[in-house]
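K.L.:
Any chance you could fold what I've pasted below:
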Amino acid sequence: MEVRRGRFNKSYEHPEALKPNQPTLFPIPLRDRDHVFLKGHRIMVQIQSTWFPIIDRNPQKFTPSIYTATESDFIKATQRIYCSPALPSHLELPVMP
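P.N.:
Numbering: from 1, shown residues only. Alright, predicted model coming up:
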């Protein structure tokens, strides 16, 4: 399991807000471990904006720090998965022989 925060998608040193209603590429490295998916195995990817109380709260509004977020920063968020020919959501996985 790995949690990816959108604010750090491009840089950990310079966090930035995601742009609403704009598809965003999220490269997720598989680290240096071997992953074997046998025939019939499936991969699950969860897209969500918070996993509280397992992971700390997400205000859904870009703030300098989630720990200084005010009550008005906690707003409703909508997550979109695009699945059209022009904007196909997909996973790219390397295949080793």
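
K.L.:
starting at the chain centroid, how far to stretch 23-40?
P.N.:
14 Å (C-alpha atoms, centre = their mean, to the nearest Å).

K.L.:
Endpoint to endpoint, it covers what distance?
P.N.:
End-to-end distance of stretch 23-40 (C-alpha to C-alpha, to the nearest Å): 30 Å.

K.L.:
Could you give the average pLDDT over that stretch?
P.N.:
Across stretch 23-40, pLDDT averages out at 78.

K.L.:
cool, stretch 64-74 as well?
P.N.:
88.

K.L.:
and it, how far apart are its ends?
P.N.:
Start-to-end, stretch 64-74 (C-alpha to C-alpha) is 14 Å.

K.L.:
in that stretch, what's buried?
P.N.:
Ile66, Ala69, Phe74 (16 or more other C-beta atoms under 10 Å). C-beta: built from backbone N, CA, C; applies to glycine.

K.L.:
Take those residues and lay them out in TSV including distance to Leu93 and secondary structure.
P.N.:
Below are the buried residues of stretch 64-74 laid out as TSV (distance: C-beta to C-beta, whole Å; DSSP: H, G, I helix; E, B strand; the rest coil):
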residue	distance to Leu93	secondary structure
Ile66	31	helix
Ala69	35	coil
Phe74	35	coil
